[in-house]
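Colleague: I need the structure of the sequence given here:
(one chain, ligands or ions: 1)
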Amino acid sequence: MVKMAEVDLKTKYGTFREVLFYDGQKEAIAFYMGDISEQKDVLCRVHSSCIHAHIFNSIECECREEMAIAQQLIQKEGRGIIIWLEQEGKGNGHYALLKSIPFKREGMSQAEAYEVAGFQKDARDFSAAAKILKALNVASIKMLTNNQKKVDTLNQHGIEVSGIKSLEL
Ligand SMILES: [Zn+2]
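Modeller: A predicted model of the protein is given here:
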């Protein structure tokens, strides 16, 4: 995981520091506010790309709202980090997402829909998030998530998760 570039970015929810990483295959972004190096209980949201929500303002998923809430919670606390991973369609890609949508509209869960369309239920890989947290020397994180799997995965990759906070304002 190599640090490529960094800038400050003004957002609706305050100024964040953006650090772009590259792992040899993919880019990933650390987007943080406040002092996080060697800090404990740093609020952390791991967020995967979603073209429909973030580009096209889709109202069929919560990705956009979740990002806004994460930014606001971090702004309120004055400190925290969002890790953006290029994992469209739960890591299966945007093509897989489009192929899953008809099944989803028949009433299947997103996971089932991917499977029936011939893809993995969840092909996401959170190891890049662990590498970024290590590269930025974050001592422990309080995860902003409702997904226990993300917590377990980061734990397995050597990240101390000191708590979980649900994504609510
Ligand atoms: Zn989405």
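Colleague: middle-most residue in the chain, spatially?
Modeller: In the chain, the centroid-proximal residue (CA atoms, centre = their mean) is His47; its distance is 1.4 Å.
Colleague: which parts of this protein sit against the ion?
Modeller: 50, 53, 61, 63 (CB under 5 Å from the ion). Quick note: C-beta positions are derived from backbone N, CA and C, even for glycine.
Colleague: ok, now which ones touch the first one?
Modeller: For Cys50, the contacting residues are 58, 61, 63-64, 88, taking CB atoms under 8 Å, 6 or more residues apart in numbering as the criterion.
Colleague: and the gap between it and Thr153?
Modeller: Cys50 is 19 Å from Thr153, where distance means CB to CB, to the nearest Å.
Colleague: may I see the buried residues of the longest helix along the chain?
Modeller: Ranked by residue count under DSSP state H, the longest helix found in the chain is helix 63-77. Within helix 63-77, the residues that count as buried by 16 or more other CB atoms under 10 Å are 63-64, 66-67, 69-71, 73-75.
Colleague: Leu169 reaches Ile69, doesn't it?
Modeller: Yes: in this structure, Leu169 is within contact of Ile69 by CB atoms under 8 Å, at 5.7 Å.
Colleague: where along the protein do the strands fall?
Modeller: Ranges of strands in the chain, per DSSP state E, are 2-11, 14-22, 27-33, 42-48, 80-85, 141-144, 161-165.
Colleague: can I get the contacts of Cys50 in JSON lines including pLDDT and distance to Ala113?
Modeller: Converted to JSON lines, these look like this (pLDDT from 0 to 100; distance: CB to CB, whole Å):
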{"residue": "Ser58", "pLDDT": "96", "distance to Ala113": "16"}
{"residue": "Cys61", "pLDDT": "91", "distance to Ala113": "13"}
{"residue": "Cys63", "pLDDT": "95", "distance to Ala113": "16"}
{"residue": "Arg64", "pLDDT": "96", "distance to Ala113": "20"}
{"residue": "Glu88", "pLDDT": "96", "distance to Ala113": "15"}
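Colleague: show me which of those residues is closest to Glu38.
Modeller: Cys63 (30.9 Å; CB to CB).
Colleague: was I right about that closest one contacting His54?
Modeller: Yes: using CB under 8 Å, Cys63 is in contact with His54, at 6.6 Å.
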